[in-house]
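Peer 1: Provided below for reference: sequence and predicted model.
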Amino acid sequence: QVQLVESGGGLVQPGGSLRLSCAASGNTFSSYDMGWYRQAPGKECKLVAAFTSAGGSANYSDSVKGRFTIWRDNAKNTVYLEMNSLKPEDTAVYYCNKAGYMGTYCGVNGDWGQGTQVTVSS
């Protein structure tokens, strides 16, 4: 089982940037397509970016396309999310996990990390 620890969140002004990191334990990390999800208060868990296990293919939700960049370093068992031109509507708890999760809530069990809070506000 892969264990996940997210970091890098914080408070940032609109238009600012943050870089999130997700460190994974376990020697099967490189086998999985990985994604960054977010959940804002009162909203469902949403996949905003995903990166394939091989081939370097990234996909983004329309809401973040052109502003966010996901990549991974399999040697370090880490997946990153660079967030630029942040908007107040990007405010949420951000989680990483295997891509393909379709549930309503992020962080519901031991398969998830604790998440990292991103707040975009002036």
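Peer 2: Cool, got the structure. This is a predicted model, so every value here is computed, not measured.

Peer 1: Distance check, the nearest residue to Asp90 once chain neighbours are set aside against Asp111.
Peer 2: Counting by Cβ to Cβ, 6 or more residues apart in numbering, Asp90 lies nearest to Val120, which is 5.1 Å off, once chain neighbours are set aside. For the C-beta atoms, the positions are set from N, CA and C on the backbone; glycine is no exception. Taking Cβ to Cβ, to the nearest Å as the measure, Val120 falls 27 Å from Asp111.

Peer 1: neighbour count winner among these two?
Peer 2: Legend: neighbour count by other Cβ atoms under 10 Å for Val120 and Asp111, higher for Val120 (20 against 13).

Peer 1: Quick one, grab the pLDDT at that one.
Peer 2: At Val120, the predicted lDDT confidence score is 98.

Peer 1: before we move on, what about Ser57?
Peer 2: With respect to pLDDT, Ser57 has a value of 89.

Peer 1: pretty sure it is in contact with Met34, am I right?
Peer 2: No: with the criterion set as Cβ atoms under 8 Å, Ser57 and Met34 do not qualify as a contacting pair; they are 11.8 Å apart.

Peer 1: quick one, strands of this structure?
Peer 2: Listed in chain order, the strands found in the chain under DSSP state E are 4-7, 10-12, 18-24, 34-39, 46-51, 58-60, 68-73, 78-83, 92-98, 116-120.

Peer 1: List the contacts of the closest residue in space to Thr52 that isn't next to it in sequence.
Peer 2: Spatial nearest neighbour of Thr52, chain neighbours left out: Asp33 (5.0 Å); criterion: Cβ to Cβ, 6+ apart. Contact criterion Cβ atoms under 8 Å, 6 or more residues apart in numbering gives 50-53, 98-100 as the residues in contact with Asp33.

Peer 1: of the residues you listed, the lowest pLDDT goes to which?
Peer 2: Within the set of the contacts of Asp33, pLDDT is lowest for Ser53 (81).

Peer 1: show me what contacts that one?
Peer 2: Neighbours of Ser53 in contact, by Cβ under 8 Å, 6+ apart: 30-34.

Peer 1: From Gln13, how far out is the residue nearest to Thr52?
Peer 2: From Asp33 over to Gln13 (counting by Cβ to Cβ), the distance is 33 Å.
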